[in-house]
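**Q** Quick one, structure for this:
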Amino acid sequence: MKEMGMSDDKPSELKPVRILISNSIIHLELYENSESNLFVSSVCNKPGGTVYYATTPSLLCLFLENKIKLQTLLERCPSFFVEIVCGNKKTLYSLKDSKIELKCGDKTIKQLTDNDPIEIW
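**A** Okay, the predicted model is just below:
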């Protein structure tokens, strides 16, 4: 199930690891690159499209343990840049110079999953 705004045209160097959440509210997916660095994809409202951003195991755990919101996960990204894909167009954005607003960014994992437990590996 692809959410409105989600794109199948992910950055080519990323391999899917697992879908974290896919429901009527949101679709979050975890990826890794050839150096085993972790990336999350989610829908952004501003600018529109799917954003791919780096994360760390510790940040991801904070999110999965309901300790930070989705927008905070993006804002604490260890990289200065994120890639946003909208249709066939891929654009690199500087987190320092751009305001990126995630769909449901103000929610924690429990709010996004309606308190349904998710499998954490």
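**Q** switch to C-alpha atoms for all contacts and neighbour counts from now on
**A** Fine.
**Q** Find the nearest non-adjacent residue to K107, please.
**A** K69 (5.2 Å; Cα to Cα, 6 or more residues apart in numbering).
**Q** Give me the number of neighbouring residues for that neighbour.
**A** By other Cα atoms under 10 Å, 21 other residues sit near K69.
**Q** For it, which residues are in contact?
**A** F63, G105, D106, K107, T108, I109 (Cα atoms under 8 Å, 6 or more residues apart in numbering).
**Q** Which secondary structure elements does whichever strand or helix holds C61 sit against?
**A** Under the criterion of DSSP states H and E, C61 resides in helix 57-64. In terms of contacts (3 or more Cα pairs under 8 Å, 6 or more residues apart in numbering; DSSP states H and E), helix 57-64 is packed against helix 70-75.
**Q** after the helix it packs on, next one along is what?
**A** strand 81-86.
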